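In: what shape does this take:
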Amino acid sequence: MKLSAMQGSKILATGSFVPDSTLSNNQISKIVETSDEWIVARTGIKERRLLIGNKQSVVDLATAASLNALNKISMNPLEVDLIILATSSPNDLFGSASQVQAKIKAFNAVAFDLTAACSGFVLGIVTASQFLKNGSYRTILVIGADVLSKWINWSDRNTCILFGDGAGATILQSCKPQDNQILGFQLNTDGRYWDHLSLSYKKNIDPHPLLNIYQGSFNYIAMNGKEVYKFAVSQVPLNILKCLQSLNITINEIDWLLLHQANERILLAVAEKLSISTNKILVNVNKYGNTSAASIPLALDEAVHDGKISSNDIIVISGFGAGLTWGTVIIQWKC
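Out: Reported below is the predicted structural model:
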């Protein structure tokens with residue numbers, strides 16, 4: 001979908017934050033039967049960051065990433081009109097965005113959570129761009145943050161090797177159409193395959209004795225790795241191509257491909273299908289693992305910090321995962 005020219009959207013700043021504690025593949029091999037060589041060959045992951053202890057939560061990671069972005073441009077948090085927190089591991093099932101609002105003292109901002117797992121940040125950016133485009137808000141903070149280590153079965157080799165914790169943030173602001181950075185987007189969902197990657201509710205065996213209500217808790221993360229891989233490699237390139245075609249942008253005009261950092265094999269396979277050079281792929285999954293909604297903003301902030309992205313670069317950003325949901329946002333970077 002191509003955005004209309006009512007108002008533009010520009011990215012003012014990025015920020016990120018990861019916990020200090022690192023878990024290497026060799027350390028995981030002492031928990032389950034695996035090895036560094038096995039994990040690297042199948043995922044590209046060497047280590048991941050974990051939020052250790054019970055004194056901090058996803059709110060703290062999101063807060064730190066947000067303050068990091070705000071401080072880069074010396075922005076007063078009171079200037080933020082809206083906060084969108086993309087997370088599937090909230091500190092409170094009723095929502096954690098309001099806690100972030102309070103911690104960063106953005107008391108003029110409306111705040112809400114958006115739950116879409118690994119596609120969450122892309123959906124957050126698209127949602128923010130719509131609010132900016134129609135003039136509802138001027139400045140929006142979009143955060144991707146997850147602490148999936150809390151929902152991993154550490155005896156399940158298929159999932160415990162993959163996930164890490166972290167947060168990334170982006171500050172967007174409305175602008176004149178000619179200064180627009182968010183060129184267009186393409187979103188998709190196929191709920192028939194929701195169970196390929198899920199964190200589902202588990203009912204108690206017995207109901208409440210008087211009310212016949214079944215209460216319960218949540219299971220660990222469950223994933224059909226082969227099916228998720230096939231889905232990503234087949235559908236993500238098609239999604240990207242459709243978005244590019246709607247904007248009359250060719251593959252050769254792409255400067256950077258920023259995919260959700262799920263698995264290095266997926267990143268390489270998608271790039272190969274699109275005939276994009278591996279030199280154009282932004283990758284940090286080796287250091288952080290799959291951080292779900294945090295992976296894209298974390299990689300974006302790192303690339304900006306390292307000076308990889310130049311003014312007018314075309315960046316194709318694509319998220320994919322649970323739902324199943326997947327989506328692409330195309331950005332033209334402007335310093």
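
In: which residue sits farthest out from the middle of the protein?
Out: residue 210 (42.8 Å; C-alpha atoms, centre = their mean).

In: helix or strand for that one, which one?
Out: For residue 210, there is no enclosing helix or strand under DSSP states H and E.

In: repeat that for residue 226.
Out: helix 225-246.

In: check residue 309 too.
Out: Using DSSP H and E, residue 309 sits within no helix or strand.

In: tell me the SS of residue 286?
Out: Assigned by DSSP: H, G, I helix; E, B strand; the rest coil, the conformation of residue 286 is helix.

In: that one contacts residue 45, doesn't it?
Out: Yes - Residue 286 is within contact range of residue 45, at 6.0 Å (criterion: C-beta atoms under 8 Å). C-beta: built from backbone N, CA, C; applies to glycine.

In: what about the closest residue to residue 241 other than its chain neighbours, how many residues close to it?
Out: Leaving aside its sequence neighbours, residue 241 sits nearest to residue 274 (C-beta to C-beta, 6 or more residues apart in numbering; 7.2 Å). When counting by other C-beta atoms under 10 Å, one arrives at 19 neighbours for residue 274.

In: so how far is residue 281 from residue 274?
Out: Relative to residue 281, residue 274 is positioned 10 Å away (C-beta to C-beta, to the nearest Å).

In: likewise residue 332?
Out: Residue 332 is 18 Å from residue 281, where distance means C-beta to C-beta.

In: cool, residue 165 as well?
Out: Distance from residue 165 to residue 281, counting by C-beta to C-beta: 23 Å.

In: who has more neighbours out of those two?
Out: When residue 165 and residue 281 are compared for neighbours, residue 165 comes out ahead with 29 against 17, by other C-beta under 10 Å.

In: going along the chain, name the strands of the stretch 201-335 of the chain.
Out: 201-203, 216-218, 222-223, 256-259, 314-321, 325-332 (DSSP state E, counting those that start in this stretch).

In: turn the ones you listed into a markdown table, including distance to residue 180, mean neighbour count and mean pLDDT.
Out: A markdown table is the format used below for those (distance: least, C-beta to C-beta, whole Å; neighbours: other C-beta atoms under 10 Å; pLDDT from 0 to 100):
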| stretch | distance to residue 180 | mean neighbour count | mean pLDDT |
| --- | --- | --- | --- |
| strand 201-203 | 41 | 11 | 81 |
| strand 216-218 | 40 | 10 | 82 |
| strand 222-223 | 37 | 17 | 90 |
| strand 256-259 | 18 | 24 | 98 |
| strand 314-321 | 13 | 25 | 96 |
| strand 325-332 | 8 | 24 | 97 |
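
In: related to what we said a few turns ago, ok, the residue nearest to residue 241 - contacts?
Out: Listed by C-beta atoms under 8 Å, 6 or more residues apart in numbering, the contact set of residue 274 reads 237, 240-241, 251, 257.

In: same thing with residue 175?
Out: Applying C-beta under 8 Å, 6+ apart, the residues near residue 175 are 7-10, 181.

In: now residue 156. Nearest residue, chain neighbours left out?
Out: Spatial nearest neighbour of residue 156, chain neighbours left out: residue 220 (6.9 Å); criterion: C-beta to C-beta, 6+ apart.

In: okay but the one you found is in contact with residue 160, surely?
Out: No - counting by C-beta under 8 Å, residue 220 stays clear of residue 160, with 9.4 Å between them.

In: pick out whichever of these two has more residues nearby.
Out: Using other C-beta under 10 Å as the criterion, residue 220 and residue 160 rank with residue 160 on top: 20 against 17.

In: where does the more buried one land on pLDDT?
Out: pLDDT for residue 160: 94.

In: domain parsing for the chain?
Out: The record's domain parsing of the chain by automatic domain parsing lists 8-179, 182-332.

In: okay, these, which one's buried deepest?
Out: Ranked by mean neighbour count, the domains of the chain are led by domain 8-179 with a mean of 20 (mean count of other C-beta atoms under 10 Å).

In: distance between the ends of that one?
Out: One end of domain 8-179 sits 7 Å from the other (C-alpha to C-alpha, to the nearest Å).

In: for the residue lying closest to residue 295 once chain neighbours are set aside, which residues are in contact?
Out: Computed as C-beta to C-beta, 6+ apart, the closest residue to residue 295 that is not its neighbour in sequence is residue 261, at 3.9 Å. The neighbours of residue 261, taking C-beta under 8 Å, 6+ apart as the test, are 267, 283-285, 288-291, 295-296, 298-299.

In: okay if I get those as CSV plus distance to residue 206 and pLDDT?
Out: Listed next are the contacts of residue 261 as CSV, based on distance: C-beta to C-beta, whole Å; pLDDT from 0 to 100:
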residue, distance to residue 206, pLDDT
267, 46, 97
283, 48, 96
284, 46, 97
285, 43, 97
288, 41, 97
289, 38, 97
290, 36, 97
291, 37, 98
295, 40, 97
296, 43, 98
298, 43, 98
299, 46, 98
